[in-house]
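Enquirer: Provided below for reference: sequence and predicted model.
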Amino acid sequence: MIKRNFLIWFLALGLLFPLSSNATGQQIDWLPVSNCMSIASNLNSLLQNPSVVETSAVPFDETTVIDDWAVQDYSSSYFVDYNWKERLITLVMWPKDPKGSTVDFKYSKKIWKIKLPVGFDNIRTRVYDNKYLVIFAEHFDYNRRTETIGIFYEISDWKISPYYYFTHTWKIIKIHEQDGKLYVITNAPLDKSTAQSFIKKDGNLPSIFPVFSEWIKFWYEPQEKISVCRDYRYLQMPSNQIPSFWSVIVLNMNNLKISKDILYLLWTVSEFEFTEKSMYTAVPWDWNTTIVQKFWLDPKINLQKSVQLDVPVVWGWIYAKDMRLAYVVKRNSWKINQYILLPFDSSFAPWAEKPLYTSEEDFTNVEFHSDSVILKNKEKLVKVWELSNWGITTHAWVEFPLKWHKYFMFWSSPFSIIDLSTDNSEIGFSLVAIDKTQWKTALLSKAKYSWKWELIGQPSWNLKTRTMLLPLKMSWDIQFEWIRALQLSNKWAISEVMARSYWDTTMVEKLIQLQDFSYAITNKLVDVFLPNNTISKKVFSR
C-alpha cells in the first residue's frame, strides 16, 4: 500500500565450408508448460550437467533503444530534455508553427516540468504523436528486484495530465515502436541458487515470477497479474546454459486502457528484431547452434515457426524485405572463419546460402547498407556487395581499417565514409569511397583556424543540408567549448556557416541535427538553433 500510494502521489504529477543438412532448417517444437513442476523437472535435468553456466542479465543497450526509438517525425511539436543530475524532465515546444511547418523560434517555450523521485534510473523519454509524454524508468521494488515503470501523460492545450501507468518486474532491454504499438521487452536472469530453490519447493517459489500492475485511472485500485508457470513458453532446454526469463509487453497507443498482450518466454540470451509484420528472435544454443524463431505481430504476438541452424549467427542487423529475411552466419574450420549469407524463403526455411567473406579474423557485428553487407570488429570494416534478389551478385569485397579512424559516417548509397581529422589548427575531411575493389581516399579540403582545436564528442551530419556540427574545444583553454557548423558544397569545398560558444565550464553532452533545425544539450542549457544562422536561436536553462 505504501508503494502504491507513493506512485499515485508521484504520477498525480557452394561454399568453402559446406553447411550440413541441419542448416536447411530443422523445425523445433515448443514444449508445453502444464504446471510449475514441468519447468522444475527440466531445470533439474539441466543442473545435473556439472559444466552448466549461468547467463548474466543482458545489459541495457542505450544505443539500441535510441536507434529504435529515435524521433522520426521531424515536424513533431515537442521535445523532452532529461537533466539526470537534477532528476528533472522538461517538456519543450519546438520552434515550429503548430498549424504549419514554418520554423519560428518565438513558438519555442518550456511547457512542463516533472521532478523524478530518487532511485529512478535508466530514464527513457519520448513524445508520442504529439499526444502523450512517455516516460520509462527503472527502480528496485521491495524485494530488491529491478522493476520497470511506464508512465503516460496526456498532452492537451500545452498542458499535461497523468493518464495511465504500469509497473512490471524486470529490466528493460528494448523498446520498439510500430504501427501504433509499443513493444517493451524485459529480462531477468535465473541463477543456480534460485533454480535449485525453485526445484526444492516443487515449483512453489512465486518470487521468481514477475508482477504486472496497471492503473487505469490513478485513483482506482490497480489491476495486478502475477505471472505463473502456465503463462510461459519455452523450447527444449539447452544442455549447458541456465535460461533467463523474458517478457514482451504490447501497449496499444490508440487505446492504452485495453487489456495488455504479454508474451512470457524462458530462454537463453536472445536477440529481438522486428520487421513490418513479424518479430524474429535468434537464440544461441549450445555454442555452435542457433534457434531462429518467427512470430506474427497481428492481431497479437503468436509463434509461427522455430528452426534450428547448426551455425552461430553474427549479431547485429538482419536483412528484411518483402516479408522475408536473411542472417549472416559463421562457420569455423581450424583458424579460418567463413561468413555466409543465409536467407529464408517465404515459408521461413533457409535456402540458397551464399559465401560472403573468408578470414582468420573474428567479426562480431554485421550491418546491411543498401546493396551491401558490412562486417565489423574493433579494427576492421569489410564491405561485401552487391546484395540483390536475396543473393550476392558479386563476391568482391573491400577492407577498411578502423583502428585509427575514430570518427566516420556511413552513407547508404553510394557507400562512402567521411573521415574526420584534426591537425593543429586545421580540421580536415576525407572522402573514402569505393573504386572497383579498392578503397579510394580523396582529401576534400581543410578548414584552417588560428588556434588548435580538439574534438570532444561525436560529430553530427545532416545529409539534406550537407552540414556537419563539430563539438570542439581549444587545446590550450578549458574555460569554454564550441560548436562549429561546417558545410560541404557539391564540389566538396568546406565553408564555416556558424559558430556557437559556451562559456564558464559549460560542457556539451548531446548534439543533434534534425531536418529543419539543430539542438545542443549542455550541462547547463538547451540550445535550439539553425546551423547556418547565428541569429535564429532559442536558449533554455536546464
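Expert: That came through fine.
Enquirer: which ones are touching the residue lying closest to K113 once chain neighbours are set aside?
Expert: Using C-beta to C-beta, 6 or more residues apart in numbering and skipping residues adjacent in sequence, the residue nearest K113 is T90, 5.2 Å away. Placement of C-beta: from N, CA and C, glycine included. Contact analysis of T90 by C-beta atoms under 8 Å, 6 or more residues apart in numbering lists V80, D81, Y82, N83, K110, W112, K113, I114, V526, F540, R542.
Enquirer: which stretches of the stretch 101-250 of the chain have low pLDDT?
Expert: Residue ranges of the stretch 101-250 of the chain with pLDDT under 70: 218-219.
Enquirer: try 90 this time
Expert: Counting by pLDDT under 90, the ranges of the stretch 101-250 of the chain that qualify are 101-111, 117-119, 121-131, 139-146, 156-160, 171-180, 188-191, 201-211, 215-245.
Enquirer: which one's the longest helix in this protein?
Expert: helix 36-47 (DSSP state H).
Enquirer: can you list contacts of the helix or strand following that helix?
Expert: Per DSSP states H and E, helix 36-47 leads on to strand 53-54 as the next helix or strand towards the C-terminus. Under the contact criterion C-beta under 8 Å, 6+ apart, strand 53-54 has outside partners P189, L190, D191, K192, N240, Q241, I242.
Enquirer: quick one: the fifth one and S197, what's the gap?
Expert: Pointing back at N240 there. When C-beta to C-beta, to the nearest Å is the yardstick, N240 and S197 sit 21 Å from each other.
Enquirer: which of the contacts of strand 53-54 are buried?
Expert: P189, L190, Q241, I242 (16 or more other C-beta atoms under 10 Å).
Enquirer: For the last one, list the residues it contacts.
Expert: By C-beta under 8 Å, 6+ apart, I242 lies in contact with L43, L46, L47, V52, V53, E54, T55, L190, D191, K192, A195.
Enquirer: ok, what's across the strand from it?
Expert: With DSSP bridges as the criterion, I242 is bridged to E54.
Enquirer: Distance check, the residue nearest to K113 against A493.
Expert: Distance, T90 to A493, by C-beta to C-beta: 39 Å.
Enquirer: Equivalent analysis for P117, please.
Expert: In this view, P117 and A493 are 53 Å apart by C-beta to C-beta.
Enquirer: Could you check which of those two is surrounded by more residues?
Expert: Per other C-beta atoms under 10 Å, whichever of P117 and A493 has more neighbours is P117, with 13 against 10.
Enquirer: Does the more buried one belong to a helix, a strand or coil?
Expert: Of the three states, P117 takes coil according to DSSP: H, G, I helix; E, B strand; the rest coil.
Enquirer: roughly how far is stretch 34-47 from the heart of the chain?
Expert: In terms of C-alpha atoms, centre = their mean, to the nearest Å, the centre of stretch 34-47 is found 33 Å from the chain centre.
Enquirer: Could you check it and say which residues are buried?
Expert: For stretch 34-47, by 16+ other C-beta under 10 Å, it's C36, S38, I39, A40, N42, L43, L46.
Enquirer: Looking at those, spot the one nearest P162.
Expert: Using C-beta to C-beta, C36 comes nearest to P162 of the buried residues of stretch 34-47, at 36.7 Å.
Enquirer: For the closest residue to the closest one other than its chain neighbours, the count of nearby residues, please.
Expert: The shortest distance from C36 to any non-neighbouring residue, by C-beta to C-beta, 6+ apart, is to G203 (2.7 Å). Residues within reach of G203, counting by other C-beta under 10 Å, total 19.
Enquirer: The helix or strand in which S193 is found vs helix 36-47, what angle?
Expert: Using DSSP H and E, the element containing S193 is helix 192-200. Angle of helix 192-200 versus helix 36-47, following axes from the mean of the first three to the mean of the last three C-alpha atoms, to 10 degrees, is 130 degrees.
Enquirer: quick one: the residue nearest to C36 from P95, how far?
Expert: 58 Å.
Enquirer: again, but for M468
Expert: 21 Å.
Enquirer: List the contacts of I208.
Expert: Contact analysis of I208 by C-beta under 8 Å, 6+ apart lists L190, T194, F198, F245.
Enquirer: ok, now how distant is it from I39?
Expert: 10 Å.
Enquirer: which neighbours do those two share?
Expert: The contact sets of I208 and I39 overlap at F198 (C-beta under 8 Å, 6+ apart).
Enquirer: Just the buried residues of stretch 105-114, please?
Expert: Burial within stretch 105-114, assessed by neighbour count using 16+ other C-beta under 10 Å, is assigned to F105, S108, I111, W112, I114.
Enquirer: Pick the one among those residues closest to K99.
Expert: Closest approach between these and K99, by C-beta to C-beta: S108, at 15.5 Å.
Enquirer: Can you verify my assumption that that closest one contacts D97?
Expert: No: shown here, S108 and D97 do not form a contact pair, counting by C-beta atoms under 8 Å, at 11.0 Å.
Enquirer: rewinding a little: from the contacts of strand 53-54, which is closest to N532?
Expert: P189 (49.7 Å).
Enquirer: wait, isn't F79 in contact with W94?
Expert: Yes: between F79 and W94 there is a contact at 5.6 Å, judged by C-beta under 8 Å.
Enquirer: the strands in the stretch 1-150 of the chain, which residues?
Expert: For the stretch 1-150 of the chain, applying DSSP state E, counting those that start in this stretch gives strands covering 26-27, 53-54, 78-83, 88-93, 109-115, 121-128, 132-140, 146-156.
Enquirer: export the fifth one as PDB, just CAs?
Expert: Written as PDB, here are the backbone C-alpha positions of strand 109-115 (Å, rounded to 0.1, in the frame of the first residue of the first chain):
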ATOM      1  CA  LYS A 109       9.000  27.500 -25.000                       C
ATOM      2  CA  LYS A 110       9.000  25.300 -21.900                       C
ATOM      3  CA  ILE A 111       5.700  23.600 -21.400                       C
ATOM      4  CA  TRP A 112       6.000  21.500 -18.200                       C
ATOM      5  CA  LYS A 113       8.500  20.200 -15.700                       C
ATOM      6  CA  ILE A 114       8.400  16.900 -13.800                       C
ATOM      7  CA  LYS A 115      10.700  16.000 -10.900                       C
END
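Enquirer: Report the inter-axis angle for that strand versus strand 132-140.
Expert: 20 degrees.
Enquirer: Report all helices and strands that strand 109-115 contacts.
Expert: For strand 109-115, the elements it packs on are strand 88-93, strand 159-169, judged by 3 or more C-beta pairs under 8 Å, 6 or more residues apart in numbering; DSSP states H and E.
Enquirer: what bridges to the residue nearest to K113?
Expert: Applying DSSP bridges, one finds that T90 bridges with D81, K113.
Enquirer: got a pLDDT number for it?
Expert: Per-residue pLDDT puts T90 at 90.
Enquirer: K113: what's it in contact with?
Expert: L88, I89, T90, L91.
Enquirer: Tabulate these in JSON lines, adding columns for distance to C229.
Expert: Shown next, in JSON lines, are those (distance: C-beta to C-beta, whole Å):
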{"residue": "L88", "distance to C229": "42"}
{"residue": "I89", "distance to C229": "38"}
{"residue": "T90", "distance to C229": "44"}
{"residue": "L91", "distance to C229": "42"}
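Enquirer: Give the rounded mean pLDDT of stretch 518-532.
Expert: 85.
Enquirer: Ignore what I typed, I meant stretch 354-373.
Expert: Stretch 354-373 shows a mean pLDDT of 82.
Enquirer: Flag every buried residue along that stretch.
Expert: Neighbour counts using 16+ other C-beta under 10 Å place 354-359, 361, 363, 366-369, 372-373 of stretch 354-373 among the buried residues.
Enquirer: How far does it stretch from one end to the other?
Expert: For stretch 354-373, the separation between the terminal residues is 12 Å (C-alpha to C-alpha, to the nearest Å).
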